[in-house]
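Peer 1: Sequence isn't available, so here's the structure alone:
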């Protein structure tokens, strides 16, 4: 029997259609679900909508609709967007579902009967966009929400309270016993610090809000929307297949602004109910626009449907997973989106596929049969494929999606370099056996690339692998990663050309900008303010390969810590071999605009000095320091 894997997104407020930030959380969950399916897990993947609370009531009133009518009208936009972006969820949970309402009321009654809930008066501040009570430590200004930058409401009302303070020590013991409960560790430290600061009992009902689940046995009160929302993770299991005990969830995925609800309030509730706690919380950073969190309330969000018309839905999935370092906030821009899609997908993956398929046709090799023994370059390529799979699995198991994709793209570049180095287009008709081997090895590599990119680009990679027409590719009931990593390259391919590019280049209209040139001063002095604009960070080169068709350029993969893993081109091939740079720490300028060289986007610059003999020497630090450390 397959092992179960239960993964959830947050449930999203329906005050507006989904934006790029909500899509980001949902794509992470979908990629996770698809990855686990390739490991032969049975996955139950839940997303949905949070449909109660004052914020929803206010938006419904503005739309001149009753709350239920309004929330019903918002479900289709969510489902349509998730469908367009290939979100293959198992169940879409709504908090207005009668099964959910019944569970919430039964849970509250259980907690009340066992003494975990009591009635008292609440007085304090409340943020309606957050649907959250604000503690003094949360405030940046006395009456302003730190996230939404909007005035807080002063609230004074009768309320039911959950005895959260009673579970403080139990929570701290749990955190100690489960040090990997929250990823990344920075969020874990914040949660522990908050709990150690002392927990107060949690208000779980409102008398001034009518749109919500009625509090059991007290019609004057409505259940606090967050208690309502968190319980969806349990109520959704009513719709799960009956062949597994699905609780606890293997992973809850969320943005960092709601980690406290999931890491403190939710575990405490589960402890009170004597239920197991979820195995892991995966907490991502914000998508930023103009250095602020992207959100519907702030009005700075991007519409994913609009972007998909220009860039393609799956390409946006790839961009979000590749460009945004998971544990940090990430800046989004259409310029970066265009550069990443063109460099990685169009130039790298797409061109490799098209060039290989064209060569098989031109060489009149409709059927490519693997040789009994591979030549050394092909055997090395196979070894690199196995190393890539191992690195990919390790990164994916730690939810380091950008690292997994960097390892795949490095292998794509290595495959391109192999094909270029073997030059099959120069082989004569009497060298058909060698041409067959080179193209067969390249097709095996492409099949591996297509497999690894499947969780991120499911339909595109299905098309890529189908056009290779690999024989003996019947799926077996086993971990597919084990199969593809350990099976020899012994497949036969009958490839056929695609009628159009797999990833068409994105062409954007260039706007001419007036650039004022300043005259250089004779002494070439700059001000300290000018120098301060340059960000120089320490990074470690994790991989280095030659750039095809260039005698000068090397393509570096650099771990820059807080600045992510980047591809940086450096014209030092005359002074350094690729192998000599791997694992070397260097200094890199990290705030330069992307620059394309040899068809590859370079995301920074490595610093070197020049000796009297004209040899380049890498600038570095005297002692090894953490990647991403700024210099200056």
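Peer 2: Now that the structure is in, tell me what you want to look at. All figures in this text were calculated on a predicted structure; none of them were measured in a lab. Numbers count the residues shown, from 1 in each chain.

Peer 1: Report the residue spans of the stretch 151-300 of the chain with pLDDT below the cut-off.
Peer 2: The stretch 151-300 of the chain contains residues with pLDDT under 70 at 289-300.

Peer 1: Any buried residues in stretch 410-422, and which?
Peer 2: Within stretch 410-422, the residues scored as buried using 16 or more other CB atoms under 10 Å are 410, 411, 412, 413, 414, 415, 416, 417, 418, 419, 422. (C-beta placed from N, C-alpha, C; glycine too.)

Peer 1: for that stretch, the distance to its chain's centre please.
Peer 2: Average the C-alpha atoms of stretch 410-422, do the same for its chain, and the two points are 27 Å apart (CA atoms, centre = their mean, to the nearest Å).

Peer 1: How about stretch 178-198?
Peer 2: Centroid separation for stretch 178-198 versus its chain: 21 Å, with CA atoms, centre = their mean.

Peer 1: With stretch 429-440 instead?
Peer 2: The chain centroid and the centroid of stretch 429-440 are separated by 40 Å under CA atoms, centre = their mean.

Peer 1: cool, stretch 563-582 as well?
Peer 2: Offset of stretch 563-582 from its chain centre (CA atoms, centre = their mean): 26 Å.

Peer 1: just stretch 242-257 next, same as before
Peer 2: In terms of CA atoms, centre = their mean, the centre of stretch 242-257 is set 17 Å apart from its chain centre.

Peer 1: Stretch 210-224 too?
Peer 2: Put simply, stretch 210-224 sits 37 Å off its chain's centre (CA atoms, centre = their mean).

Peer 1: Give the buried residues for it.
Peer 2: Residues of stretch 210-224 classed as buried by neighbour count (16+ other CB under 10 Å): 211, 212, 213, 214, 215, 216, 221, 222, 223, 224.

Peer 1: any idea how far the fourth one lies from residue 51?
Peer 2: So the one you mean is residue 214. Look at residue 214 and residue 51: by CB to CB, to the nearest Å, they are 15 Å apart.

Peer 1: tell me the pLDDT at residue 136?
Peer 2: The model reports residue 136 with a pLDDT of 51.

Peer 1: Mind checking which residue lies nearest the centre of the protein?
Peer 2: Nearest to the mean C-alpha position of the chain, by CA atoms, centre = their mean, lies residue 321 at 3.9 Å.

Peer 1: For that residue, report the pLDDT, please.
Peer 2: Taking residue 321 on its own, its pLDDT is 95.

Peer 1: ok, it touching residue 401?
Peer 2: Yes: Residue 321 is in contact with residue 401 according to CB atoms under 8 Å; the separation is 4.4 Å.

Peer 1: what is in contact with those two at once?
Peer 2: The contact sets of residue 321 and residue 401 overlap at 28, 31, 456 (CB atoms under 8 Å, 6 or more residues apart in numbering).

Peer 1: want to throw the residues you listed into TSV with pLDDT, secondary structure and distance to residue 433?
Peer 2: Listed next are the shared contacts of residue 321 and residue 401 as TSV, based on pLDDT from 0 to 100; DSSP: H, G, I helix; E, B strand; the rest coil; distance: CB to CB, whole Å:
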residue	pLDDT	secondary structure	distance to residue 433
28	97	helix	46
31	98	helix	41
456	98	coil	36
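
Peer 1: of the residues you listed, closest to residue 123?
Peer 2: Using CB to CB, residue 28 comes nearest to residue 123 of the shared contacts of residue 321 and residue 401, at 38.3 Å.
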